[in-house]
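In: structure, please.
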Amino acid sequence: GREGFKIYTTFAFAEDEKNKLKCLLEKFEVHFQGKENIAYERYEFFTYKQDPGQPTSNFITELKKRAGRCQLEKLQDSLIVTMIICGIKNNEIRERLLQEDGLTLEKAIELCQVIESSRARSEMMRVGAPSNVIEVEAVNKSGNRYQGGEKLKHQEVSQNIQNCNKCGQRLHRINNCPAFGKVCNFCKLPNHFATVCRKKKFQNREVNEINTVTKSPNVTSSCNDLFVDKVLEVNAGENNFTNITSSCTLNINKHKITFKIDSGAMANVLPMSIFETLGFSNRVIMKTNTKLQSYTGNNLNV
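Out: Okay, the predicted model is just below:
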């Protein structure tokens, strides 16, 4: 139109450029876009870094676009690799790229894609897994023979408690027991209801002897199948339940050890000083990463 013609009249053409459409279009393009400032384009390229949350593929694509406006020529690919290492947010990818000798742009892009996709799959597996596997060291006794270092694999304890022995409910979430913090109306002790009170249940019962209970060597599916040798004697008064003891004596490898009777815990703990008296101290005890927690969810220093 008229404005375009005014701009056209400002153009200067060499003899070989006159009457050539291509030259005319190039002059219009330079007029509207302005002359390239290579120094500024290179500044934009060398100061560019990956934004938080920006996919690595988008970051590399933007680096390529900026490099294309810098007239880097033969150094373009190597400088893009340098800027990937300098500007990427993921330290794991940066360390991996720095370990490579003679790193090309294609190899750098491939490593970025592999590491990023591997992290994504690993996170999906971690979040989507229904349960983890923990290792529990077991001390087995068959007759008088000791088998040490056996590792049993069990599924991680469910997030729910079934048939709770504190409140009597058939199912509720861990650390969400309605009896927690309450006082029993029968024995006046905390954290359980009278309907499941053990003193109420066993006040008139006398236990003279509990026969030996052994764990089958083939049983590996339950943490509750633990070995108990022999309870020598646990007496309770017929009319006075305050005489009921909460401990018993077990005969283990010809040694009498006093244990606390079933406290509702999901693991049994034995001090090293007592373990060494059982004649097993020359055996190797395997270290475990399993953490013990109290009923309130606090970590125990064991």
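In: what mean pLDDT does the helix or strand encompassing Glu95 get?
Out: In the assignment (DSSP states H and E), Glu95 maps to helix 91-98. Helix 91-98 shows a mean pLDDT of 93 in the predicted model.
In: quick one: buried residues of that helix?
Out: Buried residues in helix 91-98, counted by 16 or more other CB atoms under 10 Å: Ile93, Arg94, Arg96, Leu97. In this view, the C-beta of every residue, glycine as well, is placed from N, C-alpha and C.
In: closest one to Arg126 out of those, please.
Out: For those, the closest approach to Arg126 (CB to CB) belongs to Ile93, at 19.4 Å.
In: the closest residue to that closest one other than its chain neighbours and Gln99: what is the separation?
Out: Excluding its sequence neighbours, the residue lying closest to Ile93 (CB to CB, 6 or more residues apart in numbering) is Ile115, at 5.1 Å. As judged by CB to CB, to the nearest Å, Ile115 and Gln99 stand 12 Å apart.
In: looking at the two, which is more packed in?
Out: The neighbour count for Ile115 versus Gln99, taken as other CB atoms under 10 Å, is higher for Ile115 (17 against 9).
In: isn't that one up against Glu92?
Out: Yes - using CB atoms under 8 Å, Ile115 is in contact with Glu92, at 6.2 Å.
In: which elements pack onto the helix holding Glu95?
Out: In terms of contacts (3 or more CB pairs under 8 Å, 6 or more residues apart in numbering; DSSP states H and E), helix 91-98 is packed against helix 76-87, helix 105-128.
In: of those, which stretch is the most buried?
Out: Comparing the helices and strands packed on helix 91-98 by mean neighbour count (mean count of other CB atoms under 10 Å), helix 76-87 comes out on top with a mean of 17.
In: which strands and helices sit next to that one?
Out: Under the contact criterion of 3+ CB pairs under 8 Å, 6+ apart, helix 76-87 touches helix 38-46, helix 56-68, helix 91-98, helix 105-128.
In: now it against helix 38-46, angle please.
Out: Helix 76-87 and helix 38-46 meet at an angle of 50 degrees, taking axes from the mean of the first three to the mean of the last three CA atoms, to 10 degrees as the criterion.
In: quick one: mean pLDDT for helix 76-87?
Out: What helix 76-87 shows for mean pLDDT is 95.
In: try stretch 47-62
Out: Summarised as a single mean, pLDDT over stretch 47-62 is 93.
In: repeat for stretch 250-267
Out: Mean pLDDT, computed over stretch 250-267, is 71.
In: cool, stretch 108-127 as well?
Out: Averaged across stretch 108-127, the pLDDT comes to 86.
In: and if you look at stretch 197-207?
Out: 62.
In: any stretches of the stretch 151-300 of the chain with poor pLDDT?
Out: Applying pLDDT under 70 to the stretch 151-300 of the chain flags the ranges 151-159, 201-246, 261-267, 281-284, 291-300.
In: let's see that with 80 instead.
Out: Low-confidence segments of the stretch 151-300 of the chain (pLDDT under 80): 151-163, 170-176, 180-181, 199-248, 252-255, 259-300.
In: who's in contact with the residue nearest to Gln76 when sequence neighbours are not counted?
Out: Distances taken as CB to CB, 6+ apart place Ala67 nearest to Gln76, at 5.2 Å, with adjacent residues excluded. The contact partners of Ala67, by CB atoms under 8 Å, 6 or more residues apart in numbering, come to Phe45, Gln76, Leu79, Ile80, Met83.
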